[in-house]
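K.L.:
Give the three-dimensional model of this entry:
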Amino acid sequence: MKKSRKVIRIGGVPEHFNLPWHLAIENGKFEQEGLKVSWREFPGGTGAMSKALRDDEVDIAILLTEGIVADIIKGNPSRIVGQYITSPLIWGVHVGADGPIKTEADLEGQRYAVSRMGSGSHLMSFVHALHKGWDPSKQQFVIVGGLEGSRSALAEGKADTLLWEKYTTKPLVDNGEFRRVAEVRTPWPCFVIVAHKKFIKNHLGKLEALLSVIHKECADFMDNEQAISLVAERYDQKPVDVRAWFRQTSWSTDHHFPGDVLEKVMEVLTEVKVIEKPVAPSRLCHRLLELAD
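P.N.:
From the prediction side, this is the model:
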């Protein structure tokens, strides 16, 4: 009997950053390398994917750097195997358009809608507080499960504000549902590729082949003249917004990763007491990732 190929289970958010993965799947790029992959979307974001990795529901996930660094330190049996987006993420600070809060200054100590504890929306609320000189310990959190839950929470007055990727929520700002009162930029590159340790151990060759495919796909995507129209069409975005996002975003095309990025992430996570203390960056990564000084 012919042995079936291992299906590589990949998870990511349903956002425009991950279009290179979808294009690679649709165009048979993984199949050409003898790889069989399946894609699962996680509207709940990094917190939901971290849990899926812990529960062995996915082999690989594309997560926010700060979220998975914190979760690996807390025992997630996974390792960072690649950088994905090498540019920072721009988070919009949103309030309900008809709500009582009018300015960013009014948000100190208010209720933040977060996907789940440990998610990007949760951790970036601490970064927001640090940027403003507020006491992060005074923030309140309302767990809403994802963007749709956030929309309901703000509309019903159950939460006061939401941090979410600026361009994903731009249509909701344009239609008058949200007001964006500020922006917060991550102090580090925003997305990494993470693999479960069991998958790394048992399928290292497949992992290396998969990373080579996606690095090539990302390089092609950045040079693709049709990229802006593809994103606009698939993600219901205005071309002018996609063009601005595209200019601000860059994808990784190799195995290099600056080690000081992880040190900066851990410094902030320690400051806001998400983790107790930093660890050696090599403890967060697999050896195939080349940590540069």
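K.L.:
you'd agree V194 is up against L64?
P.N.:
No: between V194 and L64 there is no contact under C-beta atoms under 8 Å: 10.3 Å. Placement of C-beta: from N, CA and C, glycine included.
K.L.:
Strands along the stretch 101-250 of the chain, start to end?
P.N.:
Remark: strands assigned in the stretch 101-250 of the chain by DSSP state E, counting those that start in this stretch are 111-114, 140-143, 161-165, 178-185, 191-196.
K.L.:
Just name the most buried of these.
P.N.:
When you average the neighbours per residue for each of those (mean count of other C-beta atoms under 10 Å), strand 191-196 leads with a mean of 27.
K.L.:
For that strand, what is the distance to the chain centroid?
P.N.:
Averaging C-alpha positions (C-alpha atoms, centre = their mean, to the nearest Å) puts strand 191-196 10 Å from its chain's average.
K.L.:
Over to stretch 171-190?
P.N.:
Centre-to-centre, stretch 171-190 and its host chain are 15 Å apart (C-alpha atoms, centre = their mean).
K.L.:
what is the mean pLDDT for it?
P.N.:
Averaged over stretch 171-190, pLDDT sits at 94.
K.L.:
Numbering from 891 from now on, please.
P.N.:
Noted, 891 is the first residue going forward, which turns the last one into stretch 1061-1080.
K.L.:
May I have that stretch as CSV, with CA atoms only?
P.N.:
Provided in CSV are the C-alpha atoms of stretch 1061-1080 (Å, rounded to 0.1, in the frame of the first residue of the first chain):
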residue,chain,number,x,y,z
PRO,A,1061,-13.1,49.8,5.8
LEU,A,1062,-14.8,50.1,9.2
VAL,A,1063,-13.3,53.5,9.7
ASP,A,1064,-14.4,54.6,6.2
ASN,A,1065,-18.0,53.4,6.7
GLY,A,1066,-18.3,55.3,10.0
GLU,A,1067,-18.4,52.3,12.4
PHE,A,1068,-15.0,53.0,14.0
ARG,A,1069,-13.0,56.2,14.6
ARG,A,1070,-9.2,55.8,14.6
VAL,A,1071,-7.9,58.2,17.3
ALA,A,1072,-4.2,57.2,17.1
GLU,A,1073,-1.7,54.7,15.6
VAL,A,1074,0.9,52.6,17.4
ARG,A,1075,3.9,51.1,15.5
THR,A,1076,5.5,47.9,16.8
PRO,A,1077,9.1,48.5,17.8
TRP,A,1078,10.1,45.3,16.0
PRO,A,1079,9.4,43.3,12.8
CYS,A,1080,5.8,42.0,13.2
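K.L.:
tell me the contacts of the closest residue to A914 other than its chain neighbours?
P.N.:
Using C-beta to C-beta, 6 or more residues apart in numbering and skipping the chain neighbours, the partner closest in space to A914 is E1107 (4.3 Å). By C-beta atoms under 8 Å, 6 or more residues apart in numbering, the residues touching E1107 are 910-911, 913-914, 919.
K.L.:
so where do the helices sit in this protein?
P.N.:
909-916, 919-922, 935-944, 955-963, 1010-1022, 1037-1045, 1060-1064, 1087-1092, 1094-1112, 1117-1124, 1129-1138, 1149-1161 (DSSP state H).
K.L.:
related to what we said a few turns ago, give me the local confidence score for the residue nearest to A914.
P.N.:
97.
K.L.:
Please report the distance of the nearest residue to T955 once chain neighbours are set aside from Q1127.
P.N.:
Counting by C-beta to C-beta, 6+ apart, T955 lies nearest to V1082, which is 5.2 Å off, once chain neighbours are set aside. Using C-beta to C-beta, to the nearest Å, V1082 is found at 24 Å from Q1127.
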